[in-house]
Structures are given as C-alpha cells and as structure tokens.
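# take this sequence and fold it.
(one chain, ligands or ions: 2)
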Amino acid sequence: MPEPVGIANLPNQRYKIVSKQGATFTLMVAGESGLGKTTFVNTLFQSTLKERPNPAERHNKFTSSHQTVELDIIRAILEEKNFKIRLNIIDTPGFGNNVNNHDSWTPIIDFLDDQHESFMKQEQQPIRYAKKDLRVHACLYFIRPTGHSLKPLDIEIMKRLSTRVNLIPVIAKSDTLSPTELDTFKTRIRDVIEAQDINIYTPPLELDDPASAEHAKQLIECMPFAVIGSEEDVEVSPGNFVRGRKYPWGVVEVENDTHCDFKKLRSLLLRTNMLDLILSTNELHFETFRSLKLGDDESKDTTETDENGEVIKKTIAKKPRRLHNPKFKEEEDALKKFFTEQVKAEEQRFRQWETNIVNERNRLNSDLEEMQSKLKVLKEEVKKLQIVQK
Ligand SMILES: Nc1nc2c(ncn2[C@@H]2O[C@H](COP(=O)(O)OP(=O)(O)OP(=O)(O)O)[C@@H](O)[C@H]2O)c(=O)[nH]1
Ligand SMILES: [Mg+2]
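Ligands and ions are numbered 1, 2, ... in the order given. Okay, here's the model as predicted:
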C-alpha cells in the first residue's frame with residue numbers, strides 16, 4: 001500500500017486556509033549535471049502516482065545522452081478526500097561541466113526571481129483574477145557523493161538559492177557511499193552549511209505537539225537527505241519486485257529507510273511539511289523579494305554648490321516609495337494589523353501551552369504523591385510479613 005500522500009488529514013489550522021482554494025505545490029531540482037535529478041523526479045512521480053490513471057503529463061526534452069537541456073515543467077494533480085493539490089515539478093539542466101559555469105545556473109536564479117516578480121505584478125492588478133503562480137516552494141539541491149565536502153561552486157549557488165527559496169540539500173546517488181562514509185559526509189556538509197551561514201529549510205519544531213516535534217527533530221538530524229533514484233523495479237526474491245538498483249552484491253531499495261532517506265524526503269515534501277513550505281514561501285521569500293523590489297530606503301547622492309562656489313555633496317534619503325502611494329499605505333496598515341493579530345495569537349497560544357505544562361506538572365506531582373503513599377503502605381506490609389515469618 002502506498003502511504004497517503006496528501007495533507008488533507010493534517011491537524012493543522014493553517015490547513016483550512018489553504019484547503020478552500022486547493023493548493024499548488026511547486027518543487028524544483030537543481031545541481032551539477034549527471035547527478036540523477038531527472039531520474040529522481042521520475043522516481044518520485046512513479047512512486048507517488050502509481051495507483052492513479054495517467055495523471056502526469058511528461059514533456060521530456062532529452063537529448064540523445066538524456067541530458068536535460070532546458071527547464072522542464074512536469075505537472076500533475078494529486079487528489080485526496082476532495083482535496084486537490086496541483087503539483088508542478090521543475091527539472092533543470094545540470095551545471096558544472098561547462099566552460100562558463102555562471103551561464104548554467106543563472107537561468108535558475110532568474111527563473112525563481114521571475115516567478116516572484118510575475119506574482120507581484122498580478123497582485124498589484126486592481127482586479128485580481130485567478131493568479132498564475134509558479135513560485136517555487138522547495139528546491140532540492142543535489143550534491144555530488146564525493147565523500148569529501150561541498151565544493152566552492154556548491155556553496156556559491158546554495159547561498160544564492162537560500163535567499164530566494166526553501167532550500168533542501170540532498171546527497172545524490174547515495175548508493176555509491178558506504179553507511180560510514182555517508183555519515184561522515186553528512187556531518188561535513190552540515191558543518192560547511194553552518195560555517196557559511198547558508199539558510200537551508202528546517203522543519204519547524206511544533207512545541208505544543210510532542211509527536212510532531214519529535215518527527216521534525218528526526219528530519220533535521222537526517223539532513224542532508226541521502227537519495228537514490230531508479231526508474232526500474234528489480235527482483236529481490238522470486239516474483240517480488242521493488243524500486244531499486246541492482247548490483248552484483250545485492251539490491252539497494254529506494255523505498256527502504258535503512259538504504260536511503262527517499263521516503264523521509266517524500267513524506268516531508270508531499271505530506272508533513274508541504275503546507276509549511278507553501279506558507280513560508282509566501283511569508284518569507286516572497287515578502288523579502290517584494291520589499292527589495294519596492295526599494296525601501298533608497299538614497300540618492302546629489303551635488304550642490306554653496307555660496308563660495310564649493311561643491312558640496314548631499315545624500316538625500318529617498319522617502320520609502322510606498323508612502324507616496326495610498327495603495328501601499330493601505331497594504332502596510334493591513335500588514336501591521338495582520339502582524340499584531342499574529343503576535344496576539346502566538347501569545348495566547350504560548351499562555352495556553354504554559355497552563356498545560358503547569359497542569360501536567362501538578363498532575364504528575366499528585367500521581368507521585370499517591371505512588372509514594374502506596375509505596376509506604378506496601379513497605380509497611382512487607383515489614384509486617386517479615387515479622388510474622390520470623
Ligand atoms: N548509482 C546511481 N546512479 C543513478 C542514480 N540516479 C540516477 N543515476 C544514473 O545517473 C545518470 C544520470 O542521471 P540523470 O537523471 O539523467 O541526471 P541529471 O542530474 O538529470 O543530469 P542532467 O540532466 O545532465 O543535469 C543515469 O545514468 C542514471 O541512471 C542513483 O541514485 N544512483
Ligand atoms: Mg536531467
């Protein structure tokens with residue numbers, strides 16, 4: 001049985017907001033050439049959609065060597081309990097083997113910015129039609145399984161990606177590393193990410209829900225996810241096929257938690273954290289883009305001549321543009337109101353949480369007292385019995 005994919009049964013109030021409109025989820029894969037990005041996308045689609053009749057349209061733009069040569073958007077609809085998710089996956093051409101690497105990854109950055117830009121323009125229209133939205137909610141960054149560390153090129157690109165999109169690093173072709181090599185590699189990558197201050201996506205720890213907090217902790221410890229892609233089912237025992245890669249010494253299975261983190265990653269993307277990825281794209285990455293675009297606090301240098309004919313330099317701080325525009329003012333007021341409400345709600349939630357903890361502590365204390373008095377009674381009985389025995 002494939003595990004349920006949707007987010008329809010999430011006990012999350014934010015779910016309701018999105019659910020009325022259905023959701024669009026856009027995932028991107030990026031990284032050096034030949035690391036298995038296209039294979040991964042196909043694996044994800046096949047494993048997720050195998051029970052569904054022909055949902056994915058696939059327009060492959062393969063050259064004879066199967067190298068991806070341009071951005072390729074694959075669309076599908078996931079449907080569960082009347083809840084619809086429009087899923088877009090953006091496959092990108094790999095970079096790294098060109099003379100000029102810069103040319104091979106700037107289109108990816110431009111694509112991300114263009115989607116924010118186009119969404120912003122649509123938002124500014126007086127009549128808001130249904131928006132065309134291809135803003136990327138998560139970008140999987142494929143790391144070559146060298147066992148050493150991140151390359152300078154990886155660091156440079158990851159930095160640029162991480163300010164624009166929820167960045168999720170993954171170790172490509174992890175079947176080529178032994179478990180110990182993989183462990184060391186993961187630690188090194190995490191260290192570099194921290195040292196370089198690269199802001200990767202971290203699942204939020206929902207403190208009021210111990211089960212999901214524990215789950216998030218496990219996901220964080222597992223990062224960067226080690227993945228294996230395969231487009232074939234291989235025979236593991238007579239008549240028994242699984243998605244995997246066959247080697248003379250055995251089979252590595254895509255959907256086996258002891259072989260790689262594919263299932264964990266899929267569940268994060270399509271199930272447990274999809275909503276958080278969607279909302280944080282809007283609240284964090286899109287807002288960052290928007291405020292940069294609106295060019296708040298721009299300043300301008302001008303020169304003037306004073307009465308003695310000397311040139312003096314003046315820096316005129318340009319007023320934030322939105323103050324000139326009543327529409328921006330309105331938006332700002334609405335935002336302020338929104339944030340005040342959010343803070344209030346958070347405080348309320350925090351207080352509730354505190355009360356719950358105090359109640360829980362009191363309950364445990366009284367349990368403890370009860371236990372202690374029971375223990376006392378039992379000890380006395382033991383003593384009595386010992387005396388009787390003598
Ligand atoms: N060992 C191993 N090989 C893999 C894995 N995934 C893909 N491959 C192989 O790696 C080769 C390249 O795979 P692609 O999926 O075309 O790589 P890509 O990242 O899309 O490459 P570009 O389109 O050039 O960027 C193919 O021969 C795949 O069969 C994996 O998890 N493990
Ligand atoms: Mg490809």
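
# what residues does this structure put near ligand 2?
Contact residues, the chain versus ligand 2 (CB under 5 Å from the ion): K37, T38, T68. The C-beta positions use only the backbone N, C-alpha and C, and glycine is treated the same way.

# phi first, then psi, for whichever residue of the stretch 51-200 of the chain sits closest to ligand 1.
Closest to ligand 1 within the stretch 51-200 of the chain is G94: 2.3 Å, counting by CB to the nearest ligand atom. With angles defined as degrees, to the nearest 10, G94 sits at phi -70, psi 160.

# what's the answer for F225, then?
Dihedral angles (degrees, to the nearest 10) for F225: phi -60, psi 130.

# check Q196 too.
phi -90, psi 0.

# K37 is in contact with the residue of the stretch 51-200 of the chain closest to ligand 1, correct?
Yes: counting by CB atoms under 8 Å, G94 does reach K37; the two are 6.6 Å apart.

# list the residues that contact both of the two?
Contact with both G94 and K37 is made by residues G31, T68, according to CB atoms under 8 Å, 6 or more residues apart in numbering.

# avg pLDDT for the top helix by length along the chain?
Identified as the longest helix of the chain according to DSSP state H is helix 326-389. For helix 326-389, the mean per-residue pLDDT is 82.

# how far does that helix sit from its chain's centre?
31 Å (CA atoms, centre = their mean, to the nearest Å).

# go on, stretch 112-132?
The answer for stretch 112-132 is 22 Å, by CA atoms, centre = their mean.

# next, the distance between the ends of stretch 197-214.
In stretch 197-214, first residue to last residue: 25 Å (CA to CA, to the nearest Å).

# ignore the last one, stretch 126-134
21 Å.

# do the same with stretch 73-87
10 Å.

# what sits against R86?
G22, A23, T24, F25, R75, I77.

# one more pass at 6 Å, please.
By CB atoms under 6 Å, 6 or more residues apart in numbering, the contact set of R86 is T24, I77.

# just checking, it is part of a strand?
Yes: R86: assigned to a strand according to DSSP: H, G, I helix; E, B strand; the rest coil.

# in stretch 26-42, what's buried?
26-42 (16 or more other CB atoms under 10 Å).

# quick one: which of those residues sit in strands?
T26, L27, M28, V29, A30, G31 (DSSP state E).

# just put those residues in CSV and tack on pLDDT.
Formatted as CSV, those follow (pLDDT from 0 to 100):
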residue, pLDDT
T26, 94
L27, 95
M28, 96
V29, 96
A30, 95
G31, 94
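
# pLDDT weak spots in the stretch 1-150 of the chain?
Across the stretch 1-150 of the chain, the ranges flagged by pLDDT under 70 are 1-22, 48-65, 80-83, 97-103, 127-131.
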